[in-house]
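no letters, just coordinates:
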């Protein structure tokens, strides 16, 4: 089964609230086998909408990533991001 990448592009509008999201999201992601590959580091915007925060996590499968997103722990963390950020999130399978 191919692994999957969780890719988020984020503009933070309330750093304090978004910090609470990040504090809860990290453990929820790890609990579902997610490992961060990039988390807000340097980037070069070449096309499309610029978002200053970019996050990539690898999961054992697309199903595990979606399971994480729908989990009570992640949804509790996500409640802090609502209204504190503009986000795009996609999960894609990696090529085997």
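Happy to help now that I have it. Small disclaimer: the values here were computed from a predicted structure and weren't measured.

and the longest helix seen in the chain, what does it pack against?
Once the chain is assigned using DSSP state H, the helix that runs over the most residues is helix 15-31. Packing contacts for helix 15-31, counted by 3 or more C-beta pairs under 8 Å, 6 or more residues apart in numbering; DSSP states H and E, involve strand 4-12, helix 62-70, helix 72-81. No exception for glycine: its C-beta is placed from N, CA and C like everyone else's.

most tightly packed of those?
strand 4-12 (a mean of 19; mean count of other C-beta atoms under 10 Å).

how far off helix 62-70 does that strand point, in degrees?
With axes from the mean of the first three to the mean of the last three C-alpha atoms, to 10 degrees defining the directions, strand 4-12 sits at 30 degrees from helix 62-70.

strand 4-12 vs helix 72-81, what angle?
20 degrees.

so what strands line up beside strand 4-12?
strand 53-59 (antiparallel), strand 85-93 (antiparallel) (DSSP bridges).

got the angle between the shortest one and helix 15-31?
It refers to strand 53-59. Using the same axes, to 10 degrees, strand 53-59 lies at 10 degrees relative to helix 15-31.

go on, the last one?
Here strand 85-93 runs at an angle of 20 degrees relative to helix 15-31 (the same axes, to 10 degrees).

dump the residue contacts of the closest residue to residue 23 other than its chain neighbours.
In this structure, residue 23 finds its nearest non-sequential neighbour in residue 77, 7.5 Å apart by C-beta to C-beta, 6 or more residues apart in numbering. Taking C-beta atoms under 8 Å, 6 or more residues apart in numbering, we find residue 77 in contact with 20, 21, 22, 23, 24, 25, 28.
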